[in-house]
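Asks: sequence and predicted structure, then a few things I'm wondering about:
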Amino acid sequence: MNRKPIIGITGAYVNHNFHMEGVYVHHDYHNTVAANGGLPIILPYIDPQLAIESVALCDGIILSGGEDVDPQFYQQDPHPNIGQTIPERDLSEIALVHYALEHNIPLLAICRGVQILNVALGGTLIQDIPTQCEAPIKHSQTIQRNKDSHFVKVSLDSKLYQMLGHTTVRVNSLHHQAIDRLAPTLKQTAVSSDGIIEAVEYIHDSHFTVGVQWHPESMAKSNSMMNRLFETFIQSCIISDKTNIKSYKVF
């Protein structure tokens, strides 16, 4: 019997109290992975080399949401409205991105995930949409995270369109940062009405590297379009050679 593909999900950070703190992943991620035939595991951030060793054990990677990306990694100073940053997580995920792309490990980047993907490949971020963008729509919704709150336009020539089957879709939205300058090896595949980049893909078609700014894991249970993102991603997570673990020079 074929084993289930192992899907590594990068962890954020939570502090419940003085005695309870550590790596955190919203249950919608692992529930949706499991519902689509994957075996979810949580990847803690420790250091870049251990991040590479952990991803080498996985058949696919989800870059999850969470804290803001430290602007030092795209050569900027912090905006006054920047939130919590964890440089250790950023460094681990930057190394993870490069390893996954070099070894053709499928990658699904979600919310913060699409931002760190862009930074890892040489792009920059809008640090605070409400104060740095002209006439922005509301990107940080106050309704339940499984509810949609705005439209995005999807490019016809994209993997995203092949999965969703529509050029206009409704998405949820839980972010105040977004992609600014797009990395040269990524292409824009969806945009909101105020011009915010809502989805990207790696320019090499042989790779499954898709990033979305919304949270499809929280919509997937009741939205078949969003579930197809996970269904297609997990189907792409075939077993490959993961024995060549290398060290990477990081920041």
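Replies: Looks like it came in fine.

Asks: give me the distance between the lengthiest helix in the chain and the centre of its chain.
Replies: In the chain, assigned by DSSP state H, the helix with the most residues is helix 87-102. Computed by C-alpha atoms, centre = their mean, to the nearest Å, the chain-centroid distance of helix 87-102 equals 12 Å.

Asks: list the contacts of H175.
Replies: G65, C111, R112, I129, H139, S140, Q213 (C-beta atoms under 8 Å, 6 or more residues apart in numbering). The C-beta positions use only the backbone N, C-alpha and C, and glycine is treated the same way.

Asks: for the buried ones among those residues, write the corresponding ChimeraX selection.
Replies: In ChimeraX, a selection of the buried entries from the contacts of H175 looks like this (16 or more other C-beta atoms under 10 Å):
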select :65,111,112,129,139,213
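
Asks: just to revisit the earlier point, next SSE downstream of the longest helix of the chain?
Replies: strand 107-110 (DSSP states H and E).

Asks: whichever helix or strand comes after that following strand - what's its average pLDDT?
Replies: Sequence-wise, the next helix or strand downstream of strand 107-110 (DSSP H and E) is helix 112-120. Confidence over helix 112-120 (mean pLDDT, whole number) is 98.

Asks: now the strands for the protein?
Replies: Assigned by DSSP state E, the chain shows strands spanning 6-10, 12-17, 20-24, 39-43, 60-63, 107-110, 125-126, 150-154, 168-171, 178-179, 186-192, 197-202, 209-212.

Asks: could you dump these to TSV with mean neighbour count?
Replies: Formatted as TSV, the strands of the chain follow (neighbours: other C-beta atoms under 10 Å):
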stretch	mean neighbour count
strand 6-10	25
strand 12-17	12
strand 20-24	12
strand 39-43	18
strand 60-63	26
strand 107-110	27
strand 125-126	22
strand 150-154	18
strand 168-171	18
strand 178-179	24
strand 186-192	19
strand 197-202	25
strand 209-212	25
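
Asks: tell me which of those sits nearest to E134.
Replies: Nearest of those to E134, taken as C-beta to C-beta: strand 125-126 at 11.5 Å.

Asks: per-residue pLDDT, the nearest residue to Y99 once chain neighbours are set aside?
Replies: Nearest in space to Y99, with sequence neighbours left out and distances taken as C-beta to C-beta, 6 or more residues apart in numbering, is I52 at 4.8 Å. I52 is assigned a predicted lDDT (pLDDT) of 93.

Asks: re earlier: any chance of the strands of the chain in JSON lines, plus distance to F230?
Replies: Shown next, in JSON lines, are those (distance: least, C-beta to C-beta, whole Å):
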{"stretch": "strand 6-10", "distance to F230": "9"}
{"stretch": "strand 12-17", "distance to F230": "19"}
{"stretch": "strand 20-24", "distance to F230": "20"}
{"stretch": "strand 39-43", "distance to F230": "11"}
{"stretch": "strand 60-63", "distance to F230": "9"}
{"stretch": "strand 107-110", "distance to F230": "8"}
{"stretch": "strand 125-126", "distance to F230": "25"}
{"stretch": "strand 150-154", "distance to F230": "17"}
{"stretch": "strand 168-171", "distance to F230": "15"}
{"stretch": "strand 178-179", "distance to F230": "22"}
{"stretch": "strand 186-192", "distance to F230": "17"}
{"stretch": "strand 197-202", "distance to F230": "15"}
{"stretch": "strand 209-212", "distance to F230": "11"}
